[in-house]
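K.L.:
how would this look folded up:
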Amino acid sequence: MTETSGGKGPLSDAELQELVSSSDGGARNPVGLVGAFLALVAVVWSLYQVLLASPVSNYVLPGDLINNSRQIHLAFATFLAFMAYPMFRRSPRDHVPLYDWALALAGTFTALYGYFFYAKLVSNGGLADHTDKWFALAGLIILFEAARRALGPAMAIIATIFLGYVFFGASEWIPEVIRWKGASLQKAMSHMWTTSEGVFGIALGVSTKFVFLFVLFGALLDKAGAGNYFIKMAFGALGHLRGGPAKAAVVGSAATGLISGSSIANVVTTGTFTIPLMKRVGFSSEKAGAVEVASSVNGQIMPPVMGAAAFLMVEYVGISYVEVITHAFLPATISYIALVYIVHLEAVKNNMPTLGNRVVSMGRTIGGMALFFAGFAALAYGVQYPVRWISNVLPSSGLILSGLIFLVYLALLWLAAQAPDLLPDDPDAEEVELPVVSEIYKTGLYYLLPIVVLVYFLMIEQKSPGLSAFWATALLFVILLTQRPLKALFRGGREMMEAARLGVLDLVAGLIDGARNMIGIGLATATAGVIVGTVTLTGVGQVMANLVEFLSAGNLILMLVMVGLLSLILGMGLPTTANYIVVSSLMAGVVVELGAQSGLIVPLIAVHLFVFYFGIMADVTPPVGLASFAAAAVSGGDAIRTGFIAFFYSLRTVALPFVFIFNTNLLLIDVTLMQGIITFVVATIAILVFTAGTMGWFLTKNRLYEGVLLVLIAFALFRPDWIMDRLQPPFTMVEPAQLEQALDVAVPGQELRVVVSGPDFISGEIKETTLVLPVGEAEDGAALLDGLGLMLMENGGAVVMEEPMFGTPFSETMQAFDFYGDTPVTIVSVKAPSEQWPQELIFLPALLLLGLVALLQRARMTKQGVPA
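P.N.:
Below is the predicted model:
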């Protein structure tokens, strides 16, 4: 590798692996018996999690090991944290000091306290007694220290501040707006440790049930060789284009992001090959690192894993896993399309050369890739039909289907054995021979089998994420154990015993990697549970809502900016998963509530995705963007400049959340198939136009007014509803007293919006919210209101609302109102849908304006003698 102009050379491969291991799996690797013991613990943890997710868990594992799985999960994570992460930078790396053994054993015991004393805690109703509270406090302190080591100091500091607020919330030095009565040590420890409200809450449960299996799945798939295969395929398809290494980096990182939840590991895994090649074709060290950072960080928004956030959203939002990844798919896809376009514009602007001597058609390449992904999707979808036929016709269909999958695996493995195994290339070689897709594609087709199995069980069978990941992981066990010896057999039967031994070692290494990669996630979800527990115990969430409403003056855009900034600030020291848990716990309900007050009905999933998108940006943003530092370590460039450029490249990731909050079609919410296709096509054009406008280059260099026009065109394509609403109001105002009659004449499927005003239950101040009343089939207004639990009466010209009955659709929404005070809760306005032209009509003038900009630039290119 070459020196950079700044005089700082890139890190060596060993130093890069040290960087990844220290951030994701722990920097300490003791040798000898201790090292073997720690490896055994990691393997046992992985096997326990696999058995826990298996359909035979109730027969294989004792009931106590299933019912207390969260405690066992945290015990493993805490023990390995003290074993793998040194206390300080200068602490020993080759052996484990006695104080770490003591902390590891103490942390394991306190994590398992609920397991050991389950009967006593249940008999006490989950309340901690005098002894319990001290063990719980010790457990929290040890947990915070483990989190400090694995995640950095920020997580432990923030959790400590929240815990301090629980105890000292009544102190005079606490601002009055967030002051509360405080809690005793016994009450706080009961909430945080001995019940499922704090540390052992939803977040740790998701980590236990789902996240581990997907992280292990990624580790095993990578250990099998899929990561290298994806990168080589990306380079074979795109490496010969202008800016090809950068385009390959984007596609390779997207594929790696499917199986990896770590942006830092993604940067180093793909970046060691892509960054030197990007520099070779003309990218500066900082730009090459920034492309890799933007690509790798965005891997976390790519379904199905999404850095563990997808599984948390299932629990927090209350929708199925399939719905979560459906909503997340379109923004992630168009974000990656835009990133490919960004690096294309960089290559065109700087007239970068191509690598190799092959001439490759951009159109054929894109068409081939689109055909591949379409074929893969069709395969994953179409396999259900023969599977159902076999299941209906043949007995013991499970065994038969397993046998058929194994036969397909054997056929694909035989095909792979006809070509040499893929070895990592040297990006610093004098002549770079980029792979030929037609020659290498067959060497790794069998890696797609576990992904097909995963997608099939998730999307077609709609099994739980844990069970789906179990079957895909079980197939990977078979692949890791058999691919080497079977390839040796197909190649002549030489050295099969050695190949079998290496296969076992690959599986063990994958189990160890999966467990070590889970240490930080397990601790992050547990520590974030303290923050979530503080919110539920103190009610600070409602106070935060009032504070944010005051600071934003009720302006939804300003409030979203504040939420985004909070995510960025917290994310500077927190891993993405923990950041998402913290900010969504504090702010998701606030955004929904203030949106309703503004008359905008914001789906909860849109808010959670908004928070998550800004959380991942913290891995990019200086001064703490860890992925930017990792990329700079590979490229030898300046980390801060790399971070700023990566943030600029990621502007579309910043813009998209604001778009899908207001245009939920991007999340494929309540759209038909045709609407979904139109949304995808138009959103893709919009993100490319936005990219061209912000990058200063479309067909040629933009003039200032052209850049402004391109951004405005992108806005029109993203938000046609905003423009159409100004041309034709979407609602007609109805007198509140006429609500029932308006429901009588409304068309089934329409929605009426009712603005309700009344005193807040806590503060007594008057506030507003918007209720959406769906109109059903064959229901008159009175029946509809009765079914919704809304009881209305006229009083002095005003329509007064009684408290909705418990269990009716609006009972939870309206529980923040005081229905028993002197000031009644009233309906202040009713909005009925009005006839409006299709918002898609806005696309026509926007596209015509885009064509005008293109004509202007083509004319300028012709005048300058540039080929059009």
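K.L.:
which ones are touching Thr525?
P.N.:
Contacts were defined as C-beta atoms under 8 Å, 6 or more residues apart in numbering; by that measure Thr525 touches 203-204, 206-207, 211, 577-578, 581. For the C-beta atoms, the positions are set from N, CA and C on the backbone; glycine is no exception.
K.L.:
Can you give me the separation between it and His73?
P.N.:
Using C-beta to C-beta, to the nearest Å, Thr525 is found at 9 Å from His73.
K.L.:
Likewise for Ile440?
P.N.:
When distances are taken as C-beta to C-beta, Ile440 and His73 turn out to be 39 Å apart.
K.L.:
which one of these two has more residues nearby?
P.N.:
Comparing Ile440 with His73 by neighbour count (other C-beta atoms under 10 Å), the higher total belongs to His73, at 27 against 18.
K.L.:
Identify the spatial nearest neighbour of the more buried one, chain neighbours not counted.
P.N.:
Taking C-beta to C-beta, 6 or more residues apart in numbering, and ignoring the residues beside it in sequence, His73 has Thr208 as its nearest neighbour in space, at 4.2 Å.
K.L.:
Show me the strands in the stretch 51-200 of the chain, by range?
P.N.:
Assignment of strands within the stretch 51-200 of the chain using DSSP state E, counting those that start in this stretch yields no ranges at all.
K.L.:
Likewise for the stretch 201-350 of the chain?
P.N.:
Assigned strands in the stretch 201-350 of the chain: none (criterion: DSSP E, counting those that start in this stretch).
K.L.:
Quick one: low-confidence residue ranges for it.
P.N.:
Along the stretch 201-350 of the chain, segments meeting pLDDT under 70 span 257-263, 265, 269, 304-308.
K.L.:
let's see 80
P.N.:
With pLDDT under 80 as the threshold, the stretch 201-350 of the chain has low-confidence stretches at 239-240, 242-243, 252-273, 297-300, 302-311.
K.L.:
My read is that the residue nearest to His73 contacts Ser69, right?
P.N.:
Yes. Taking C-beta atoms under 8 Å as the contact criterion, Thr208 and Ser69 are neighbours in contact, 5.1 Å apart.
K.L.:
so what's in contact with these two at the same time?
P.N.:
Each of Leu52 lies in contact with both Thr208 and Ser69 under the rule C-beta under 8 Å, 6+ apart.
K.L.:
Just the CA coordinates for stretch 473-484, please, in CSV.
P.N.:
Extracted C-alpha coordinates of stretch 473-484, given in CSV (Å, rounded to 0.1, in the frame of the first residue of the first chain):
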residue,chain,number,x,y,z
THR,A,473,-28.5,-21.5,10.0
ALA,A,474,-29.0,-25.3,10.1
LEU,A,475,-28.4,-25.4,6.4
LEU,A,476,-25.2,-23.4,6.9
PHE,A,477,-24.1,-25.9,9.5
VAL,A,478,-24.4,-28.6,6.7
ILE,A,479,-22.6,-26.4,4.2
LEU,A,480,-19.7,-25.6,6.4
LEU,A,481,-19.2,-29.2,7.4
THR,A,482,-19.5,-30.7,3.9
GLN,A,483,-18.4,-28.1,1.3
ARG,A,484,-14.7,-28.8,1.6
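K.L.:
Show me what it is in contact with.
P.N.:
Under C-beta under 8 Å, 6+ apart, the answer for stretch 473-484 is 50, 54, 213, 216-217, 220-221, 223-224, 405-406, 409, 413, 446-447, 449-450, 453, 499-500, 502-504, 506-507, 510.
K.L.:
before we move on, back to that, overlap in contacts, Thr525 and His73.
P.N.:
Among the neighbours of Thr525, those also in contact with His73 (C-beta under 8 Å, 6+ apart) are 204, 207.
K.L.:
which residues does the residue nearest to His73 contact?
P.N.:
When the contact criterion is C-beta under 8 Å, 6+ apart, the partners of Thr208 are 49, 52, 69-70, 73.
K.L.:
from these, which is closest to Glu803?
P.N.:
Proximity of the contacts of Thr208 to Glu803 (C-beta to C-beta) peaks at Arg70, which lies at 36.9 Å.
K.L.:
surely the closest one meets Phe200?
P.N.:
Yes. Using C-beta under 8 Å, Arg70 is in contact with Phe200, at 4.7 Å.
K.L.:
Those two: who's more crowded?
P.N.:
Comparing Arg70 with Phe200 by neighbour count (other C-beta under 10 Å), the higher total belongs to Arg70, at 27 against 24.
K.L.:
Next one: that one from Trp134, what distance?
P.N.:
When C-beta to C-beta is applied, the distance between Arg70 and Trp134 equals 21 Å.
K.L.:
just how off-centre is the helix or strand where Met497 lies within its chain?
P.N.:
Met497 belongs to helix 496-538 when assigned by DSSP states H and E. Between the mean C-alpha point of helix 496-538 and the mean C-alpha point of its chain there is a distance of 17 Å (C-alpha atoms, centre = their mean, to the nearest Å).
K.L.:
then stretch 668-686 to PDB, C-alphas only?
P.N.:
The C-alpha trace of stretch 668-686 is given here as PDB (Å, rounded to 0.1, in the frame of the first residue of the first chain):
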ATOM      1  CA  LEU A 668     -45.500   1.100   0.700                       C
ATOM      2  CA  ILE A 669     -48.200   1.800   3.300                       C
ATOM      3  CA  ASP A 670     -51.700   1.100   2.000                       C
ATOM      4  CA  VAL A 671     -50.700   1.100  -1.700                       C
ATOM      5  CA  THR A 672     -51.800  -1.200  -4.500                       C
ATOM      6  CA  LEU A 673     -49.300  -3.200  -6.600                       C
ATOM      7  CA  MET A 674     -49.500  -0.700  -9.400                       C
ATOM      8  CA  GLN A 675     -49.100   2.300  -7.000                       C
ATOM      9  CA  GLY A 676     -46.100   0.500  -5.500                       C
ATOM     10  CA  ILE A 677     -44.500   0.100  -9.000                       C
ATOM     11  CA  ILE A 678     -45.200   3.700  -9.800                       C
ATOM     12  CA  THR A 679     -43.800   4.900  -6.500                       C
ATOM     13  CA  PHE A 680     -40.600   2.800  -7.000                       C
ATOM     14  CA  VAL A 681     -40.000   4.200 -10.500                       C
ATOM     15  CA  VAL A 682     -40.800   7.800  -9.600                       C
ATOM     16  CA  ALA A 683     -38.900   7.700  -6.300                       C
ATOM     17  CA  THR A 684     -35.800   6.300  -8.100                       C
ATOM     18  CA  ILE A 685     -36.000   9.100 -10.700                       C
ATOM     19  CA  ALA A 686     -36.500  11.600  -7.800                       C
END
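K.L.:
next one: it to chain centre, how far?
P.N.:
Relative to where its chain is centred, stretch 668-686 has its mean C-alpha point 21 Å off (C-alpha atoms, centre = their mean).
K.L.:
what do you get for stretch 392-404?
P.N.:
35 Å.
K.L.:
go on, stretch 58-75?
P.N.:
Per C-alpha atoms, centre = their mean, the displacement of stretch 58-75 from the mean C-alpha position of its chain is 27 Å.
K.L.:
For that stretch, measure first residue to last.
P.N.:
According to C-alpha to C-alpha, to the nearest Å, stretch 58-75 extends 21 Å from its N-terminal end residue to its C-terminal end residue.
K.L.:
Residues contacting that stretch, please?
P.N.:
For stretch 58-75, the surrounding residues in contact (C-beta under 8 Å, 6+ apart) are 48-49, 51-52, 54, 57, 107-108, 111-115, 118, 143, 196, 199-200, 204-205, 207-209, 212, 522-523, 526.
K.L.:
Okay, and which of these map to helices?
P.N.:
With helices taken from DSSP state H, the overlap with those comprises 48-49, 51-52, 57, 107-108, 111, 113-115, 118, 143, 204-205, 212, 522-523, 526.
K.L.:
Filter the residues you listed down to the buried ones, ChimeraX style.
P.N.:
Only the buried members of the ones in helices among the contacts of stretch 58-75 end up in this ChimeraX selection, burial being decided by 16 or more other C-beta atoms under 10 Å:
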select :48,49,52,57,107,108,111,113,114,115,143,204,205,212,522,523,526
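K.L.:
count of residues packed around Lys120?
P.N.:
By the other C-beta under 10 Å criterion, the neighbourhood of Lys120 contains 13 residues.
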